[in-house]
Each structure stands twice: as C-alpha cells, then as structure tokens.
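S.K.: sequence first, then the predicted structure:
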There are 4 protein chains.
Amino acid sequence: MLEFCVFGAGRMGTKHAHTLSTLPGVHLRYVVDVEAEAARKLAAQYGAAATDVATALADRQLDAVIIATPALTHAALLVASAHAGKAIFCEKPLAASIQESLSVAREVDKAGVPTGMGFMKRFEPGHYALHEAVAAGEIGKVEMVVLTNRDPKVTILSLLKEQHAVAPYTLLRESSVHDFDMARWMLGEEPVEVYVAGSALVDAEIAALGEIDTAMITLKTASGALCHINNSWRAVYGYDQRVEVFGSKGMLRAENRPVTSLVRYTQQGALHDPLHSGPPDSNEFFLYRYAEAYPQEMAHFVDALKTGKRPMCSVEDGLRAQLIVEAAVESLRTNRPAQVAMVA
Amino acid sequence: MLEFCVFGAGRMGTKHAHTLSTLPGVHLRYVVDVEAEAARKLAAQYGAAATDVATALADRQLDAVIIATPALTHAALLVASAHAGKAIFCEKPLAASIQESLSVAREVDKAGVPTGMGFMKRFEPGHYALHEAVAAGEIGKVEMVVLTNRDPKVTILSLLKEQHAVAPYTLLRESSVHDFDMARWMLGEEPVEVYVAGSALVDAEIAALGEIDTAMITLKTASGALCHINNSWRAVYGYDQRVEVFGSKGMLRAENRPVTSLVRYTQQGALHDPLHSGPPDSNEFFLYRYAEAYPQEMAHFVDALKTGKRPMCSVEDGLRAQLIVEAAVESLRTNRPAQVAMVA
Amino acid sequence: MLEFCVFGAGRMGTKHAHTLSTLPGVHLRYVVDVEAEAARKLAAQYGAAATDVATALADRQLDAVIIATPALTHAALLVASAHAGKAIFCEKPLAASIQESLSVAREVDKAGVPTGMGFMKRFEPGHYALHEAVAAGEIGKVEMVVLTNRDPKVTILSLLKEQHAVAPYTLLRESSVHDFDMARWMLGEEPVEVYVAGSALVDAEIAALGEIDTAMITLKTASGALCHINNSWRAVYGYDQRVEVFGSKGMLRAENRPVTSLVRYTQQGALHDPLHSGPPDSNEFFLYRYAEAYPQEMAHFVDALKTGKRPMCSVEDGLRAQLIVEAAVESLRTNRPAQVAMVA
Amino acid sequence: MLEFCVFGAGRMGTKHAHTLSTLPGVHLRYVVDVEAEAARKLAAQYGAAATDVATALADRQLDAVIIATPALTHAALLVASAHAGKAIFCEKPLAASIQESLSVAREVDKAGVPTGMGFMKRFEPGHYALHEAVAAGEIGKVEMVVLTNRDPKVTILSLLKEQHAVAPYTLLRESSVHDFDMARWMLGEEPVEVYVAGSALVDAEIAALGEIDTAMITLKTASGALCHINNSWRAVYGYDQRVEVFGSKGMLRAENRPVTSLVRYTQQGALHDPLHSGPPDSNEFFLYRYAEAYPQEMAHFVDALKTGKRPMCSVEDGLRAQLIVEAAVESLRTNRPAQVAMVA
C-alpha cells in the first residue's frame, strides 16, 4: 500500500484525494492545510488524518506527497519533502521566481526522489494518443506544432492585478506555460528561442494595467522545428483546446470534443454540440474539458511509483516550462525573439 | 467524331446538350422537339440542326441519341432508335407500363445497340468511389445497404394527381426507383422480395388521394443480403442523399456534402453549412446536389461508345428497377412482402 | 439515506453496486447471490452484508432493490420485492415468457412501487440530449426514426443454442429489444405493427440452427410514423450505435463517438479513431460504449426515489418492449407484418 | 459585349480564356504570346485572333486585358494597358521589385482603370463565405487569424535557384504572399509588423542555398489583432489550405474538403478521403483545390466591369501584399519583427 499525504485541501487537493481513493494499492494517510477545518473535513471523507507538514514528513510510513497549496508555498514544500525522501507530485509552478525554481529543482534532483508535475493536458486521451503516434515515428521528423489554447473567460481581474505586481503577464505564466510543456513534449527537443506578440483586446482594464489577454507565440528548436501557440481569454464558443503536429510523413490532430455527439439539422445547417466548458457561471472550465486527464495523470504517477519507472512528467519539466515563460516575458518586453536559458 | 441527336429540348435535353459540348470527339448533330422553336434555339446554341425523329434516325452519320422527352414517348423512341441501329442514352422510365417496358427492353436487346440509362446517382463521386471500394472487395461480402433519399419538397400536387390516375405512388416511381437502382448496384445481386411501409404525413391532400409521401422499404436478395431505403418529400434541412454499405469486413458511407466547408462556432455549438438544395424557390434541388454526376454519366456513356465497352448502366438496369417498383406497389397495396418478377 | 439491496453479484450487479457507492445519500445494505462467496466479496467491498432474499426483503429499513440476476429469476424477485413494498430497478427482461411478464407487470403495478428498467441506452448523453430536443418539439412531429445497432461480436454459440431451445431469435430478444425501447421513446407513441427481414450471414452454425444474426426491422405507429432498425452481430469496425430522428421541422442525429479525437493525415486520407468497443478479447463492448450511461441511469433512478418523481423508464417500458419482441418473432416466422398486442 | 485580350497563352492564360468562354456577355477578341504558335492555337479555340501587344491595346473596341505572362513582363504590360485605358486583370506580382511595383501601382491609379488581381484564394466558396460572415459582423471584432497553407511539393529546385539569385525566399514570395492577401482581407485592417521564423527542413539543397521551405509568420495590426501563417513545401497528405478567424463573438473556420464524402470504416478507424491535390505526378495541385475559385474570380471581375462596381481585389491589394513580403524578408534576415512600409 502506497501512503500519500495531500498538502492543500482546496479544489485541486480535493480532486487528487478523490482520485487516490479510486486507485488500487493507494491510501490517503494525511491531509495538511493551514485551514484546519478544511483539512479535517477532507481527511475524514477519505479515512485520513489531518496533520501538519512536519509530522507528515517525519512519518517513515509515508511514501508520497501531493503539493496542491498556493504557489508561494510550493518551493519550501518541495525541498522539505525531497529532503524527507518522499516521492512528490507537484502542481505548477515550482516556485514564484525562476531563480528559486532553479534552486528547488537542484535540491530535488540531489535527493533523487521520483517526481510528477501537474501538466494534466498531456494526459487528455487525444493528446496522449497523439504523442504516442509521434513517438512511434508515424509522422517522421516533427517540423511544426500548432497549439490552440483559448479560455472562455478572463482570470478574475483583482487576482490579475495582484499577480501583475509580483510577476507580470499572467496569461504567459498561467495559460501559455501549459502549452510550453506540450510544445516540448510534442517537439521532442528543447525550444531555444521564443517570440511573443501580445495584445490586450478583451478588457480595457487589462490594457490599462499593461497586461495582455491575447497572444501568438513562436518557438524554435535547434533543429529548426517550429511551434505556434495562440492564447486568448475570450473564446465565447467554449474552452478551445487543440493540438496539431506536422511532420515529414504526415500530420496528427487532436480536435476539441463536443459535449455530446448530437447534431441538429435545420435550414441553417448542421449544428454540432458546443465544447466542454463547464457551467456558465463557473471558472472551472478546465475541470470539465480535462475530466479524464486528471485521474490519468495521477494513475500514471502512482503506477510509476509502483513499477519504479520514471514518471513521464517531472519537476524538471516544470522547470523547463518556466524557463520558456521567462524568455517569453523578455520577448514581450523587448519585442524581439529571446533565447531560452540552458540548464544542464 | 461521334454524332449525337438529342430528343427533347427541355431541362434535361439542354443539360445533356451542354455536357456533350464539353466532351472531346463528340458533336451534337440534331435536336428534336415537338416545340420547333425550342429545338431550333437549343440546336443553334451548339451548332446543331433542328429536325424531326424520322430524318434524324435515317441519317447514317448519326451514331447516338439521347432520349430526354416526356416519359410517355420513351418507348416509341427507344424502339425506333434501336431499329435504326443507334446507341441510346435514355432518361427513366423505359415506358409507362411494365408490360411495355418488358417489350421495349426485348426489342432493344435484339437490336444489340449500346444503351445507357439516366440513373445519375451512380456517378456522384462519393457514390462512385463507394461502389468501386465494394467491387474491389474492401468490405467483403455485402450484408446490409442503407439508402437515405429525402427530397426537400413535394412534387407539384396537380402533377401528382394526374400521375395518380395513371400510375399511383409517384414517390415509389420517381424517388424510390433511383434507390432501387442504387440498391441493385451496391448489393451486387438482384433483390427478390420487397416490403414497403408507406404513410402520408406531409400533406393532407396527398393522404386524401391515397398517395404516400413517406416510405420505408426493405429489399431482400436470394443470398439474404438486406437493404433499407427511406424516402420523404419533407426534408426541411435540404436534399438528403446518403449511401451506407455494410459488409463482412467493414462499412462504407458516402455522406452529404455541405455547400461549403465553413463552420461557425458560437455558444450554441458548431454550425456546419447546410446541404446542397438549390435556390429556395426552385424544384431543381437534384441539379445542384448532382451537379458533378450529370457530366460524369454522359462522359461515361461517350467513353463506352468510343472504347466499345458496355456502359455500366443500361436499358436492362432501367427495366430491373421498374420491376422492383411494381413489386413495391404490390407490397404497399397488400401490406405484405411482394416478390420481384424474374426476367431472363 | 436510501438503503439498497443488490440481487446478483455478477457483472451488472457489481457495476450497479459501484455506481451506488458514488451517489450521495445512498447506502448499499445487502448483496444477495446464490454463490455465497461472490455475495460476501461484493458486500465487503462496499460495507454491505451478504444475505438471502427473504431476510433482505423483510428488512423494513430497506428502500430499494436492484435485480441483476439471471433472467429466469427476474419474475419471482420482481413480484416478491413489489409485495414487500420495495422500489425496484430491474435488468431486462421482466420474465422469460410474455405471459409471465404480463402477470408480473400487473402485480408490480398493483403494488404501486416505483420501478426502473435497465434500458441504459436512453441515458447515453447523446441519446438523452436527442430525446430532449425531440420532446421540446425542435423537429416538430416525428416522422421517421432510424436506429443502427450492430454488435462487433456474435453471442457465444453455446449460449445461443441453449436460448434457441427455450425462446428462439436471440438477436431480437437481446439486441433489438433495446431498439424497441429506443423506438418507443423517440417516436413518442406505440408501434402497432412490426415487420422483420432476418438473415443468417455471419456464421453457418447460426443458419443451421434456424437463428438469425442480421436483421432489418420496420415499425409503424397509428399516426403513420415509421421506424427502421438494423442489427448485426458482425461489425468488424466496432460497436456501431446510432440514432437518427427525422421530423417535420428537421433532423437530429446522435452519431458514434471515436475513442479519442485524434485524426491521422496521410496520403491515404484522414484516419479518425475507431469506435469504443472494449478490449479485443472481450465480449463487454457495451460496457465501454455506454460507460457514461450506466451511472446516469442509476443516478436517475435514485433521484426519482428521492424526489418522488416517476422514473422515466419503468417496468411498463420493459413490458412494452417485450410485446414488440413477440410481434417481431411472429413476423419473422410468417414473413408478414405482425400486430403488436395492446395492453391497457 | 465585353471584349477581352489575354496576354500569355500558358497555363493560366488558357484557364482564363476558357472561363471567359463560359461567361455571358464576354468575348475573347485577342490572344498575345511571344510564342506565336501558342497564341494562334489558343485564339483559334475560342474564336479570337492572335496578335501583338500594340495592336491589341490600340483597338478601341477592346475593353479589358488579362495579364498571365511571366512575372518579369507584368510591369510593362500593366502600365501600357492602363495608359491605353483598358481594364486589367493581373496575376501576381505587379513587378519584380517593390520599387517598380510602387511605380506601376501609381501609374495604374492615375489612369483610373478598373483592376483585378489574381488572388484566387479569396474566391474559394468556403473562404468567400467566411469573409462574408466576418464582414457581416457575425463574430464581432476580429482578434486572431490563423492561416494554414502547405504545399504537397517543393517548387522545382532549378527554378528556386534562379529565383534565389534575383529575389531570395521564394516561399515568402510565392506561397506566403497569398496568405498576406488573405490576412489583410480577413483582418479588415493593415498589418503593420511582421515576424518570420523560417527553416530549411525539407531538402538539403534548399538549406545549402540559404533558402527556407518551412515558415511560421506573425502579423500584427495597429489595433492589436494578430495573424499566424504557417507554410511548408512538404505536406505529404495533400494540399492543406485552411482559414480560421477568431473574434470577440465567435470563431469561423473553413476547413479542407476531402475529394469525396466517402468514409471507410475498419478496425483501424474511419478513413476519410484525402485532400484535393491533383494527380500525383503533377505540380498543379492548386488548380484542383481551387477549381471553383478560378471561374469565380473571373466572374467577379467581369461582373464588376459590367456594373461599374469596384472589383474587391485590385492592383492596390497586389501592392500591399508585396509590401508585406518585403517586410517578411527583412524580418527573416534580421531575426526581428519588421515594419510594413506605409503607402498613401
């Protein structure tokens, strides 16, 4: 039995706790949250105990932790968990600054513990199957990747303002970062250069802040493969998530999935169901679109722990995606292509 | 140069005259129509002469005729043209009654002239490609055929009344007959039994006449292969024409084609363009849906004449489709499966 | 808390027990199976007790039962549960013979308990949404229904032989019966006449038995609406499940869903993922295609019990589908349309 | 009757001559070509006379010219025809250098003759309908345009070498230039900045030349709208031509059209027909994909002449697309975004 601790009893922590309960050979031992009541409630639901970080990490029975706390606390929890020898599944980012992320990644690496990173988009069945086909060489050498990632809604403005003060360009840090991970994974090599064209078209307040809500990004690898990413916070037709990979021997596309297969034929044409975007009054569209991906990513991590295989998405991937974010921010500031920092 | 005569300067005769003008090695020599002015006008347009039936058929330079006159005149023209040794392309039907059709087919057969029949649906590129795949054995033994053939509009009621007096069940004679031809072609063997369930749902006058406007038809072959046909005169979303063939090794489907590839994404969903149905105030929807099929069927007939190959759709096919119509009419009258008459 | 007992610890009983565990306000109290060990194991997994029928039904705390035992036992369990005043969810059929089903339905009706019937296809999200659109009048008066229901595999032959001795035409009883339910639901009125064309094309042993493996069925309602059903046990391309409803104001189609949204583009064309059919060596294709439908049907039943609303699919629906099966069998035997028996 | 002269009896001249023959109220009066025999042959086919430039332009009966000669001769023919007061339809480019194009455009503008430019992609029915929807405001303010334009084949290498010496980056000049026109048309405003990431991935000789065969291009307008274009000379799955426009109120996509609607279902999945790419041994894929667009663009030009309306695609559009090409070339040379030159 693999014993888990979940750090953070919020939305993602709750989701992961639930997924763990459906996986065989796994037991949720602890829940930790600064809000004691939230921790207690979640723990109770799955037969776990609410406790604190130190107690959890000191328990030699504990095998693995899931870090689903606010971003600012990730770095410390990662380092502490690594030092305690626990396997770690961490939501992005590693740390608030790239310097800290580099240092965290080094510490975790030294500890040699297995790690997983919450880039759930890899585990969407269409994306995953597409990557398998790429990896099997079905389309030969990858030459172009086109990623469409458009949210149906803007991040809450007050939040955007807060984040702007600390680390500007939330669109790049919160949305594009997922695409940077997907791009690396699909390209099969590291992007070395980034160019970002960004605009504020959706909301005048975003423009006033100097933030962006619309972006087109170009990545280039050493071999000359190219990747285009487009992001927006205003897809009124739903959460638009598409992957296209073009190679010397063909093309692979993972399209959106309408909610159901129903098509309505009238004089106007054939109306296919809209995209998965969750309830209209909610901001949790990603939970609906990636409903299958979340359990898959956790199952993959648990399976890796059981078999001793390296998880296919690790802390190093979190670091590399963040390095591209940094270059993207620089490109946006200078309106020139920027180099992605190299790490050993 | 192949010399042609077109009998009938109406819609279909004009269409065929135009197609002939685009085919190399073909010359329109004569146009014949009881309305002299119509014949003269069409003839002038393509450098032909307006003449009468006797003169045209007596001309030894003439190679082939196209019969596109009203149905009641087909039989006489077929027989006269066959006796004159001309190749014949004939719009359906062979004759007004099945007895007459049998006798016409016998005469034409005796004359040994090449013949073509205006079952243009075979030549729609998707249908044609589907049949090629069936014939190549791609799906093994054919087990089920499903044909959808729904008109966007009812035949003009006054016409329906006239036809009812002479030969009831216009839906079977004008619409289903095309499906009977497609069924035979796709099944690769003759239907031996027919069952028709028919209703009058679209128009109270049709019901009052004792006619039908909606039908579901089942065909069965000697080997046990089955075919379903559904017909309606009320497809408000456009002219619905689909072919599905199911076999021991797979399935083939030729779907409708929307007018353009445009898709509109809104909160309601993804609206694909409507079907090809022609202008809203016209009854010529089939000319739009089968715009590619008409020139193809004529090109095929001309090519057969040039190469000496047997046209793939002949007077015999016209006869066999009509025999199924007769059995379908009997089935509708008796509400029982009816046998299709056998001919040598 | 609603207290449930599951009769039958086999595949479907286990599935329902699991679904109950995910629904709030529901508790699995008992599991009953003639194989004590199977009952004990399933009970243990969900904190229930293994017991016998009498004990379970005598427990006044018990609210509802799920009948997922072999078909021959359904009738007795239905009657006993109804007499005990329990709500009943029953897998098809009600009873082995139509006479017994009629009598069971009468008893259950007299008891006045809420009932649900395991016609899970109604709950597939596309089918459900399609029915909602029909019920909302989106396509006006329903005129034609076309149901495609093709299994990728033949029922195990030894089983087929057994069933043949007792009640011939397993294809109609096990496959078409689901379509009869869908047809009634989509038509919004009762079929009054059935015509079946059946063949044995898939397996020589099936032909030798006098059974069928391929069928085309026509249903007709009093208002003249028509329904076509096609069934086969040999869809090599996967479990083919489609619903099409055509009405005076449009058409609705619920198509198959490929396993993922991945499309592969090569010189051969664009290859879309195959259909959901489960593992190649399994006969449980329906569990994969209807993975979303099973939990939905149980959630609906539980919700009906909680709110006091009538479940939308009840024992009466089970009876009516079976009455159509009887008429279909008669039609196949006589090769004529047969009337569906009327019940008050 | 509008009297036309076609300059150039090659592939495009022949195509336009044929289209003119199908349009009412139009007469082909002259064909001009340096190869007298080619001119004579084409002229004979359509009842025109072969002549020279001076004679044709001096004829006061002549209304319009079509310039379909080699690119180097365009400038002189444009100016001469404009001075002669003829309406002009010209294949791209206006002239070999941007300086010359600017001067040609000025001369033509001064002459005040109606002009049309051979950007046929606008007239593909799906593209045209998409633009109509954009222009009608269906998707609100345009925010992002994504254009996919991938040829199945590399331009002949010897040609590429020749062009490289004169004006490098044939991919930008021959392929992307069409996208620049489409981008301007769809954006509804002028791109002010261009960034090009280009690679040579398809052929080592192309790399050796310093040319590119693969590109991702970003355009930005003054209002902040963004456009992505991707180009390749190696789409093994066919000529890939897609348009996507994203706005504040929705998205519009014009997808590729498979050759026929046939779909083949097997255990591997559902294989849709490949894209229109012409015969495998030909380089004329565009003639097949845009078979409907060529007659439409000519019909539009003729209609504009008849009604006195301004053609929707003129010499000015040719100039503006070429100005973007120049900026794109600069961007590729400097690896920085480049400004598009402004003209009054």
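M.R.: Okay, I see it.
S.K.: mind giving me the domain ranges of chain A?
M.R.: A:2-113, A:121-339 (automatic domain parsing).
S.K.: correct me, but residue A:321 touches residue A:94?
M.R.: No: if you go by C-beta atoms under 8 Å, residue A:321 and residue A:94 don't touch, sitting 9.5 Å apart. Just so you know, the C-beta spots here come from the backbone N, C-alpha and C atoms, and that holds for glycine as well.
S.K.: what does the strand or helix carrying residue A:40 rub up against?
M.R.: If you go by DSSP states H and E, residue A:40 is part of helix A:36-45. Residues outside helix A:36-45 that contact it (C-beta atoms under 8 Å, 6 or more residues apart in numbering or on different chains) are A:6, A:9-10, A:13-14, A:17, A:28, A:30-33, A:48-51.
S.K.: out of those residues, which comes closest to chain D?
M.R.: Of all the contacts of helix A:36-45, chain D sits closest to residue A:10, with 32.2 Å by C-beta to the nearest C-beta.
S.K.: leaving out chain neighbours, which residue sits closest to the most centrally placed residue in chain A?
M.R.: Chain A has residue A:119 as the residue nearest its centroid, 3.1 Å off, counting by C-alpha atoms, centre = their mean. Spatial nearest neighbour of residue A:119, excluding adjacent residues (C-beta to C-beta, 6 or more residues apart in numbering or on different chains): residue A:181 at 4.4 Å.
S.K.: a helix runs through that neighbour, doesn't it?
M.R.: Yes: per DSSP: H, G, I helix; E, B strand; the rest coil, residue A:181 lies within a helix segment.
S.K.: burial measure for it, as a count.
M.R.: 23 (other C-beta atoms under 10 Å in any protein chain shown).
S.K.: give me the pLDDT for it.
M.R.: pLDDT, residue A:181: 98.
S.K.: one more: residue A:337?
M.R.: 98.
S.K.: again, but for residue A:37
M.R.: Looking at residue A:37, its pLDDT stands at 97.
S.K.: quick check: next helix or strand after the host helix or strand of residue A:185?
M.R.: For residue A:185, the enclosing helix or strand under DSSP H and E is helix A:177-187. Later in the chain than helix A:177-187, the nearest helix or strand by DSSP H and E is strand A:191-199.
S.K.: and that following strand, what does it pack against?
M.R.: The contact analysis (3 or more C-beta pairs under 8 Å, 6 or more residues apart in numbering or on different chains; DSSP states H and E) places strand A:191-199 against helix A:177-187, strand A:214-221, helix A:315-334, strand A:338-339, strand D:191-199, strand D:214-221.
S.K.: make it 10 Å
M.R.: helix A:177-187, strand A:214-221, strand A:226-232, helix A:315-334, strand A:338-339, strand D:191-199, strand D:214-221, strand D:226-232 (3 or more C-beta pairs under 10 Å, 6 or more residues apart in numbering or on different chains; DSSP states H and E).
S.K.: what's the angle from the first one to strand A:191-199?
M.R.: To tie it back to what came earlier, the one meant is helix A:177-187. Counting by axes from the mean of the first three to the mean of the last three C-alpha atoms, to 10 degrees, helix A:177-187 points 140 degrees away from the direction of strand A:191-199.
S.K.: then helix A:177-187 to PDB, C-alphas only?
M.R.: What follows is helix A:177-187 as a C-alpha-only set of coordinates in PDB (Å, rounded to 0.1, in the frame of the first residue of the first chain):
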ATOM      1  CA  VAL A 177       3.000  27.600 -19.600                       C
ATOM      2  CA  HIS A 178       0.900  24.500 -20.300                       C
ATOM      3  CA  ASP A 179       1.500  25.000 -24.000                       C
ATOM      4  CA  PHE A 180       5.200  25.300 -23.400                       C
ATOM      5  CA  ASP A 181       5.100  21.900 -21.700                       C
ATOM      6  CA  MET A 182       3.000  20.500 -24.500                       C
ATOM      7  CA  ALA A 183       5.300  22.000 -27.200                       C
ATOM      8  CA  ARG A 184       8.500  20.500 -25.600                       C
ATOM      9  CA  TRP A 185       6.800  17.100 -25.300                       C
ATOM     10  CA  MET A 186       5.500  17.100 -28.900                       C
ATOM     11  CA  LEU A 187       8.600  18.600 -30.500                       C
END
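S.K.: list the helices and strands it packs on?
M.R.: On a contact count with 3+ C-beta pairs under 10 Å, 6+ apart, helix A:177-187 meets helix A:125-135, strand A:142-150, strand A:191-199, strand A:214-221, strand A:226-232, strand A:240-247, helix A:315-334.
S.K.: okay if I get these as JSON lines plus mean neighbour count?
M.R.: Output for these, formatted as JSON lines (neighbours: other C-beta atoms under 10 Å in any protein chain shown):
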{"stretch": "helix A:125-135", "mean neighbour count": "19"}
{"stretch": "strand A:142-150", "mean neighbour count": "24"}
{"stretch": "strand A:191-199", "mean neighbour count": "24"}
{"stretch": "strand A:214-221", "mean neighbour count": "25"}
{"stretch": "strand A:226-232", "mean neighbour count": "26"}
{"stretch": "strand A:240-247", "mean neighbour count": "24"}
{"stretch": "helix A:315-334", "mean neighbour count": "21"}
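S.K.: could these be laid out in TSV, adding mean pLDDT?
M.R.: As requested, the helices and strands packed on helix A:177-187 are exported to TSV (pLDDT from 0 to 100):
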stretch	mean pLDDT
helix A:125-135	98
strand A:142-150	98
strand A:191-199	98
strand A:214-221	98
strand A:226-232	98
strand A:240-247	98
helix A:315-334	98
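S.K.: within range of chain B, give me the residues from the stretch 51-200 of chain A.
M.R.: Selection of the stretch 51-200 of chain A residues close to chain B by C-beta under 10 Å from any C-beta of the partner chain yields residue A:152.
S.K.: in the stretch 51-200 of chain A, which residue sits nearest chain B?
M.R.: Of all residues in the stretch 51-200 of chain A, residue A:152 sits closest to chain B, at 9.2 Å by C-beta to the nearest C-beta.
S.K.: quick check: that residue vs chain C, distance?
M.R.: 18 Å (C-beta to the nearest C-beta, to the nearest Å).
S.K.: try residue A:4
M.R.: 20 Å.
S.K.: hey, what's that residue bridged with?
M.R.: Per DSSP bridges, the residues bridged to residue A:4 are residue A:28, residue A:64.
S.K.: who's in contact with the residue lying farthest from the centre of chain A?
M.R.: Centroid-distance maximum for chain A: residue A:267 at 41.9 Å, with C-alpha atoms, centre = their mean. Residue A:267 sits next to B:152, B:236, B:237, B:238, B:274, B:275, B:277, B:280, C:249, C:250 when contact means C-beta atoms under 10 Å, 6 or more residues apart in numbering or on different chains.
S.K.: and these, which is closest to residue B:127?
M.R.: residue B:275 (15.3 Å; C-beta to C-beta).
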